[in-house]
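**Student:** From the sequence below, what's the structure:
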Amino acid sequence: MWFSNLICYRFKQEISYQQEDFDKALEQDLFRPCGSQDLHTFGWTKALGKHGQTLSHFSKNSILVCAKREEKVLPAAVVNDMLQEKVEQLEVQENRRVNKKEKDELKENILNTLLPQAFKKSSLQYAFIDMENGWVVVNSGSFNKAEELLALLRKSLGTLPVVPAFANYDLGLFLTSWLKDFNAPEGFAIGLDAELQEPDDNGAQVKLKGHDLATDEVKNHLDNGKEVTKLALEYHERIKFMLQNDGSIKRVNYAEVLKEENADIPKEDMAVKLDADFILASEEIKELLEALTKELGDAEDL
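**Tutor:** Model (predicted):
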């Protein structure tokens, strides 16, 4: 329940869901294992896994959901070797070049032959909806994977009027300003990691890890035109993270004092512990996001 990477969205209108109706909507797109000819499948599974009974978990005005993805593992090198062998055989037999369309058909036949015997791997993708403040937070470091989960949720619910939370902000401008002045917003502290880049897409990059970011060396890079693309921050000494200029929040790390708050819940009450951990993590994330967007809103004229 401890989200480690955050891709965040905001609802464009007030929302309210009831668990019975919400679960019925998710049931339309339940996870199913890959069939013999499926490359992958994607669907909803129990939010608390084997410790829960429902597809969604409603707690403290938030909704936890979990999507499961299963995919067949077909090494590209194996497919390409088999394709090359079949192309060479056909060219020798018919004394001619095999065209692209024929190669594509051969490759598709190879895939159809291999799929039933292919290994499978699965992964879980979590997200939560904050009904009070209108957040949707996906535990992912990839916008593509986050969008895949949102697409499934939109399909299940029929509508999902959300937008990327930080799309209207030039986060690079804020990050550069904070680091240049070495003055983070109230409640935040600048960490020890950052990445800087010249504005040109092919410009020089500087990666700083475990580095004192208040030094003249860093300031010189900024004075010479480099912009901050990633900056390590800490919020109220309870949660550390890396804020990126694309709006993603990565490497989320919770203080031990926070994690230990539920340490006394016995293992046999795992459902209770998972719920308590979800409340702790989601409340921290909500507070962080509200503080961050408030600061960005207050500073939008910079």
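
**Student:** Verify the stated contact: Leu175 with Lys226.
**Tutor:** No. Leu175 lies out of contact with Lys226 (C-beta atoms under 8 Å); the separation is 11.4 Å. Yep, even glycine has a C-beta here, placed from its N, CA and C like the rest.

**Student:** Which one's more surrounded, the two?
**Tutor:** Taking neighbours as other C-beta atoms under 10 Å, Leu175 and Lys226 compare with Leu175 leading, 24 against 20.

**Student:** Could you measure from that one over to Leu292?
**Tutor:** As judged by C-beta to C-beta, to the nearest Å, Leu175 and Leu292 stand 12 Å apart.

**Student:** Leu83 now?
**Tutor:** 49 Å.

**Student:** Next, Leu288: secondary structure please.
**Tutor:** With DSSP: H, G, I helix; E, B strand; the rest coil as the basis, the three-state label of Leu288 is helix.

**Student:** before we move on, back to that, now do the shared contacts for Leu175 and Leu292.
**Tutor:** Common contact partners of Leu175 and Leu292 (C-beta atoms under 8 Å, 6 or more residues apart in numbering): Leu243.

**Student:** doesn't Asn133 make contact with Ser62?
**Tutor:** No. Taking C-beta under 8 Å as the definition, Ser62 is not a contact partner of Asn133, at 9.6 Å.

**Student:** For my notes, confirm Phe58 occurs in a strand.
**Tutor:** Yes. Applying three-state DSSP, one finds Phe58 inside a strand.

**Student:** Is it bridged to anything, and to what?
**Tutor:** On the basis of DSSP bridges, Phe58 takes part in beta bridges with Ile63.

**Student:** correct me, but it touches Gln19?
**Tutor:** Yes. Between Phe58 and Gln19 there is a contact at 4.7 Å, judged by C-beta under 8 Å.

**Student:** more crowded one of Leu83 and Leu292?
**Tutor:** Neighbours around Leu83 and Leu292, counted as other C-beta under 10 Å, are more numerous at Leu292. The numbers are 24 against 18.

**Student:** The more buried one sits in which helix or strand?
**Tutor:** helix 270-298 (DSSP states H and E).

**Student:** can you give me the helices for the stretch 101-250 of the chain?
**Tutor:** 143-157, 171-181, 216-223 (DSSP state H, counting those that start in this stretch).

**Student:** so which of those helices comes closest to Val78?
**Tutor:** helix 143-157 (25.0 Å; C-beta to C-beta).

**Student:** picking up where we left off before, which residues are common contacts for Ser62 and Asn133?
**Tutor:** Lys286.

**Student:** Next up, the contacts around the residue nearest to Ala25 when sequence neighbours are not counted.
**Tutor:** In this structure, Ala25 finds its nearest non-sequential neighbour in Ser156, 4.7 Å apart by C-beta to C-beta, 6 or more residues apart in numbering. Taking C-beta under 8 Å, 6+ apart, we find Ser156 in contact with Ala25, Leu26, Gln28, Asp29, Trp44.

**Student:** for Leu280, same thing?
**Tutor:** Taking C-beta under 8 Å, 6+ apart as the test, what Leu280 contacts is Leu258, Glu261, Asn262.

**Student:** what about Ser62 and Asn133, which has more around it?
**Tutor:** Ranked by neighbour count (other C-beta under 10 Å), Ser62 and Asn133 place Ser62 first, with 21 against 14.

**Student:** roughly how far apart are the more buried one and Ala77?
**Tutor:** Distance, Ser62 to Ala77, by C-beta to C-beta: 44 Å.

**Student:** so what's the backbone phi/psi at the most centrally placed residue in the chain?
**Tutor:** Centroid check for the chain by C-alpha atoms, centre = their mean gives Ser140 as the closest residue, at 1.6 Å. Backbone torsions of Ser140, given as degrees, to the nearest 10, read phi -160, psi 150.

**Student:** Once you drop chain neighbours, what's closest to it?
**Tutor:** Nearest one to Ser140, counting by C-beta to C-beta, 6+ apart, is Ala146 at 4.6 Å.

**Student:** Find the nearest non-adjacent residue to Gly210, please.
**Tutor:** Per C-beta to C-beta, 6+ apart, closest to Gly210 is Leu192, 5.1 Å.

**Student:** what number of residues lie near that neighbour?
**Tutor:** By other C-beta under 10 Å, the residues close to Leu192 number 13.

**Student:** I'd say it and Leu233 touch.
**Tutor:** No. Look at Leu192 against Leu233 with C-beta under 8 Å: they stay out of range, at 10.7 Å.
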